[in-house]
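In: please work out how this folds:
(one chain, ligands or ions: 1)
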Amino acid sequence: MLEVHNVTKKYKSFTALEDINLQFDHGIYGLLAPNGAGKTTLMKMLVTLTFPTDGEITYQGEDIINLGEDYRDILGYLPQDFGYYKSYTAEKYLLYVAALKGLNKQKAKQRIRELLEIVGLPNVAKKKLKTFSGGMLQRIGICQALLNDPKVVILDEPTAGLDPKERARFKRLLSTLARDRIILLSTHIVSDVESIANEIIMIKDNRILYSMPQQELNKLLEERLFETTLPFSELEKFRATHSVLSEKQEKNKMTVRFVATETGPWNKVEPTLEDVFLYVFEEETESSEEIKYG
Ligand SMILES: Nc1ncnc2c1ncn2[C@@H]1O[C@H](COP(=O)(O)OP(=O)(O)OP(=O)(O)O)[C@@H](O)[C@H]1O
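Out: Here you go, the predicted structure:
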């Protein structure tokens, strides 16, 4: 079990995260928050690249800082921008990372073959990384994070640069890997974690706002989420008087999805994680737009 106990992280006088408490047992944890909320900071602390100002992070009850190498041996990490040598082939690069991790070369070669197969790139071992697409590179990044068969896998925005097909493949891959590991992935794209994450963690105002299974999160909007179709002429007024989450244009009309406490001549709809995300971070989006356009 990986546990975050009362962790605060400050950069000089700026508090990036405050009094964070989390428990990771096994399965997929989706860290969902807008850019700048502190996702990377939390992940960097979990991989000991930066340290809490207050509080501690433990693995099997021991402070990860004291565990040192023993902890890093069971850790796999994909940073937002992972560094690689363009002129290296995929195999040479992965062998290089394996050597840094202290893996035996023969075993590493075997593992690299397996991993390239798993991420759907079985035929590129001898190809240079400079010829790879963004999605292919991201999959090589995932391979390097999994070289040491880690028990704890931390992925910072792993789907950046992937197209929809690659995202779907990646979700399947994570589900397979999650059986006996902790996988924590950060994203600001709801569909990346929808349906696969066992638990969703949302950060707001430097704190953990929610850490719970999706079904429980969806209950936040249960019985309060509606859809209705309006002519364009009524849209402006409706927006001003209702808490609109999303809008879809259909045949010269607008279908709006909104939250209301009172009932009306509207269709009640089942909340999705996207609805909850929009609801929770609504003010932030609005205030950042005000800053941008105001
Ligand atoms: N080394 C640092 N020194 C000072 N402030 C920092 C430092 N690293 C991050 N911050 C600040 O802490 C806050 C959280 O940053 P962080 O990178 O963790 O956010 P994030 O949620 O991962 O966002 P993004 O997805 O854009 O990277 C931001 O306001 C950022 O400017």
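In: quote the end-to-end distance of stretch 243-260.
Out: Stretch 243-260 has an end-to-end distance of 7 Å (Cα to Cα, to the nearest Å).
In: continuing past the helix or strand that contains residue 135, what's the next helix or strand?
Out: Residue 135 belongs to helix 134-146 when elements are defined using DSSP states H and E. Using DSSP H and E, the helix or strand that directly follows helix 134-146 along the chain is strand 152-156.
In: pull the CA atoms of that next one into CSV?
Out: Extracted C-alpha coordinates of strand 152-156, given in CSV (Å, rounded to 0.1, in the frame of the first residue of the first chain):
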residue,chain,number,x,y,z
VAL,A,152,3.8,1.2,-8.7
VAL,A,153,3.4,2.9,-12.1
ILE,A,154,3.1,6.7,-12.2
LEU,A,155,2.1,8.2,-15.6
ASP,A,156,2.0,12.0,-16.0
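In: could I get the average pLDDT for it?
Out: Strand 152-156 shows a mean pLDDT of 95.
In: what residues does that strand touch?
Out: The contact list for strand 152-156, computed with Cβ atoms under 8 Å, 6 or more residues apart in numbering, reads 2, 24, 39-40, 43, 46-47, 59, 74-80, 142, 145-146, 177, 181-186. Every residue, glycine included, has its C-beta placed from N, CA and C.
In: among those residues, which ones are buried?
Out: 2, 24, 39-40, 43, 46-47, 59, 74-79, 142, 145-146, 177, 181-186 (16 or more other Cβ atoms under 10 Å).
In: circling back: now cross-check the contacts of strand 152-156 against the ligand and list the overlap.
Out: 39, 40 (Cβ under 6 Å from any ligand atom).
In: and the helices in the stretch 51-200 of the chain?
Out: Counting by DSSP state H, counting those that start in this stretch, the segments of the stretch 51-200 of the chain that form helices are 64-67, 69-72, 90-100, 105-118, 134-146, 164-177, 190-193.
In: how about the ones you listed, which one is nearest residue 232?
Out: helix 190-193 (27.2 Å; Cβ to Cβ).
In: does the closest one reach the ligand?
Out: No: applying Cβ under 6 Å from any ligand atom, one finds helix 190-193 separated from the ligand by no less than 12.8 Å.
In: which elements pack onto that helix?
Out: strand 27-32, helix 164-177, strand 182-187, helix 273-280 (3 or more Cβ pairs under 8 Å, 6 or more residues apart in numbering; DSSP states H and E).
In: okay, now the domains of the protein?
Out: Following the assignment in automatic domain parsing, the chain carries domains at 2-217, 219-293.
In: check contacts around the residue nearest the centre of the chain.
Out: Closest to where the C-alpha atoms of the chain average out (Cα atoms, centre = their mean) is residue 186, at 2.0 Å. By Cβ under 8 Å, 6+ apart, the contact set of residue 186 is 30, 31, 32, 33, 39, 40, 42, 43, 155, 156, 157.
In: neighbours of residue 268, how many?
Out: Using other Cβ atoms under 10 Å, residue 268 is surrounded by 12 other residues.
In: for it, which non-adjacent residue is closest in space?
Out: Once flanking residues are discounted, residue 268 sits nearest to residue 226: 5.8 Å by Cβ to Cβ, 6 or more residues apart in numbering.
In: got the helices and strands packed on helix 190-193 as TSV, with mean pLDDT columns?
Out: Compiled in TSV, the helices and strands packed on helix 190-193 are given as follows (pLDDT from 0 to 100):
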stretch	mean pLDDT
strand 27-32	95
helix 164-177	84
strand 182-187	94
helix 273-280	93
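In: for residue 237, grab phi and psi.
Out: phi -70, psi -40 (degrees, to the nearest 10).
In: near the ligand, which residues of the stretch 1-150 of the chain are found?
Out: Within the stretch 1-150 of the chain, the residues that sit near the ligand (Cβ under 6 Å from any ligand atom) are 11, 14, 16, 33, 35, 36, 37, 38, 39, 40, 41.
In: what pLDDT does the second one get?
Out: Right, the one you point to is residue 14. 95.
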